[in-house]
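Q: dropping the sequence and predicted coords here.
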Amino acid sequence: MTLKICVAQLNFEVGDMPGNARKIIEAAKAAYADGARLLLTPELSICGYPAEDLLLRPAFIAACDDAVKTVARELAGLKHLTVVVGHPSGSSSRTRSVSVQQCHNSASVLRGGEVVARYAKRELPNYQVFDERRYFAPGQGVCVFEVAGIRIGLLICEDAWFEEPARLALEAGAEMLAVINASPFHVGKGYEREAMMRQRSQACGLPLVYAHLIGGQDEVVFEGHSFALQADGSLAGRAPSFVEKLYSLQVEGTHGALRLRGEVEPERSPDADLWDALVLGVRDYIGKNGFPEVILGLSGGIDSALVLAVAVDALGRDKVRTVMMPSPYTADISWIDAREMASRLGVRYEEISIAPLFEGFKTALAEQFRGRAEDTTEENIQARIRGTLLMALSNKFGAVVLTTGNKSEMATGYCTLYGDMAGGFAVIKDLAKTTVFRLARWRNAHDPCGTGASPIPERIITRPPSAELRAGQTDQDSLPPYEVLDAIIERYMENDESIEQMIADGLPRADVERVTRLIKVNEYKRRQAPLGIRVTHRGFGKDWRYPITSKFRA
């Protein structure tokens, strides 16, 4: 008994049902020509994931139904090919007072031009970035279909994290499991999935194929990393991460003793995954939204340097434009290092001094500010001048502004509304400052996209960080050491640990109380920040929903 399975680890686009259907059809034909008799596509491959409130529009569901019919019709001539496609089914509507859910997160099994089986996802995640209960009703049934004499139990994503759906498939006669997925990336998530599915295979004694999505969709990224496990949980195959791939597996053996065989991609380092996630997130956000190029303010500091390196790896040097906007407080080494980095990467580089504009603002406000010393107001004016210049260039040339703020700054409010926060996409919004330094060193030691090794001048990495908005300024004048700051942010914001626990574990009380207070009082800033790429298990975005107006203090 043998069967060749192909996993369509492909990059689908939300709302492009005709394009997604065409992609599935082309993949199916290629897989069939290569001898495959079963093609698995990811969760909601017909409409893309997550489609969010588009799922509440009847016209959207109808377009998905039409696309499923198109795939079935176009592949009808491939008599011995079975294709599993993910799509919403049923109907979903919202009245003025309530959402009426009759829609399911479904998968259809297509063969010979017909839908021979359909399955509705039973377990609907409603945590982190997931809110599927807003859109879907849980399924109740079981789906076991046969290909080449092998009975295959179909599950969708979260189903496989619970015992019951797999157990029911086993009781219905399944000899192996096919799990189709769209599960957003965070660092380490791919190997967490392997570990969980290992438990599932071992618990039910069945081999398992895990078909996963790839691509960027607004703030989330999907890394691929499809894989297969033997019945004992051992690894049978692993597809590459962050690469579109028609990944093939061979199923061999007899009833009750099936074994899978496929190529095994080596394990990757967390920083390699992190870099590729940022690159893919930028490439798909810019490409899928049709922006011709990007623009960013290059300061000579580590954050803008890292964003520039990511942008060039994602888009190529011809689609990246940089602007250095020096103020009276800009150090000479900042000019030198910014020019050097732009030269290394071969991007367009321009300089616009903000000194005369800054003086103009101070003159215009002199009467209103009379008798008051200069403070952060004047610092913020400089940042807002830069933001205005970048947005003017964006408007004139259609380039989207990439902001350069990191998670440590977003958490504590060490950023300026309508200044350095002004822009369209926040590339490193979910990277702590300590991670920014580490990733910069990783990129200098590797050339994953062939744009050149060591793009970031060493002095940018080693010099003390500074916003350069006043004489002699460094970040640590206003913030705890980044090792302490980032530890507090991780434990309090990402892991929901208490203030008392952090202090008991040795973190300085003054720093813990100060940082947690800053996180609370700067929520209003984060609500006005551009969306950015989520790479941790909890980012400022869909993961973080705290009221701005609140009296609660832990």
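A: Cool, the structure landed.

Q: and residue 476, what's its pLDDT?
A: Predicted confidence (pLDDT) for residue 476: 62.

Q: and for residue 98?
A: Note for residue 98: predicted pLDDT of 43.

Q: now do residue 452
A: 85.

Q: ok, it to residue 296 distance?
A: Counting by CB to CB, to the nearest Å, the gap from residue 452 to residue 296 is 18 Å. C-beta coordinates here come from the backbone N, C-alpha and C atoms, glycine included.

Q: which one's more surrounded, those two?
A: Neighbour totals were compared for residue 452 and residue 296, and residue 296 leads with 24 against 14 (other CB atoms under 10 Å).

Q: so after the helix or strand containing the more buried one, what's the next helix or strand?
A: Assigned by DSSP states H and E, residue 296 belongs to strand 294-297. Next helix or strand after strand 294-297 toward the C-terminus (DSSP H and E): helix 302-315.

Q: chain center to the top helix by length along the chain, what's the gap?
A: Secondary structure of the chain per DSSP state H: the longest helix is helix 376-397. With CA atoms, centre = their mean, to the nearest Å as the basis, helix 376-397 stands 28 Å off its chain's centre.

Q: give me the next element, helix or strand, following that helix.
A: Next along the chain after helix 376-397, taking DSSP H and E as the criterion, comes strand 400-403.

Q: what packs against that following strand?
A: Packing partners of strand 400-403 (3 or more CB pairs under 8 Å, 6 or more residues apart in numbering; DSSP states H and E): strand 294-297, helix 302-315, helix 376-397, strand 425-426.

Q: buried stuff in the third one?
A: When burial is assessed from 16 or more other CB atoms under 10 Å, helix 376-397 yields the following buried residues: 378-387, 389-391, 393-394.

Q: where does the residue located most distally from the centre of the chain land in three-state SS?
A: The outermost residue of the chain relative to its centre, with distances by CA atoms, centre = their mean, is residue 371 at 48.7 Å. At residue 371, secondary structure determined by DSSP: H, G, I helix; E, B strand; the rest coil is coil.

Q: using CSV, list the CA coordinates for the helix or strand where residue 209 lies.
A: Residue 209 belongs to strand 208-212 when assigned by DSSP H and E. Output of strand 208-212 as CSV, limited to C-alpha atoms (Å, rounded to 0.1, in the frame of the first residue of the first chain):
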residue,chain,number,x,y,z
LEU,A,208,0.2,12.6,11.1
VAL,A,209,0.8,15.1,8.3
TYR,A,210,0.7,18.8,9.3
ALA,A,211,0.0,21.2,6.4
HIS,A,212,0.8,24.8,7.3
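
Q: mean confidence score for that strand?
A: Over the span of strand 208-212, the pLDDT mean works out to 98.

Q: and that strand, what does it pack onto?
A: strand 2-9, strand 176-181, helix 189-204, strand 227-229.

Q: wait, which of those is closest to residue 64?
A: Ranking the helices and strands packed on strand 208-212 by proximity to residue 64 (CB to CB) places strand 176-181 first, at 15.4 Å.

Q: that closest one vs strand 208-212, what angle?
A: Here strand 176-181 runs at an angle of 20 degrees relative to strand 208-212 (axes from the mean of the first three to the mean of the last three CA atoms, to 10 degrees).

Q: buried ones in strand 176-181?
A: By 16+ other CB under 10 Å, the buried positions in strand 176-181 come out as 176-181.

Q: what do you get for stretch 45-54?
A: Under 16+ other CB under 10 Å, the buried positions of stretch 45-54 are 45-51, 54.

Q: how long is it end to end?
A: End-to-end distance of stretch 45-54: 15 Å, with CA to CA, to the nearest Å as the criterion.

Q: identify all contacting residues around it.
A: 8, 10, 12-17, 20-21, 24, 42-44, 55, 60, 63-64, 67-68, 71, 85-88, 129, 135, 180, 182, 213, 217, 220, 222 (CB atoms under 8 Å, 6 or more residues apart in numbering).

Q: just the buried members of these?
A: Buried members of the contacts of stretch 45-54, counted by 16+ other CB under 10 Å: 8, 10, 12-14, 16-17, 20-21, 24, 42-44, 55, 60, 63-64, 67-68, 71, 85-88, 129, 135, 180, 182, 213, 217, 220, 222.

Q: filter those down to the ones in helices?
A: Mapping those onto helices (DSSP H) picks out 17, 20-21, 24, 60, 63-64, 67-68, 71.

Q: alright, that wraps it up for me.
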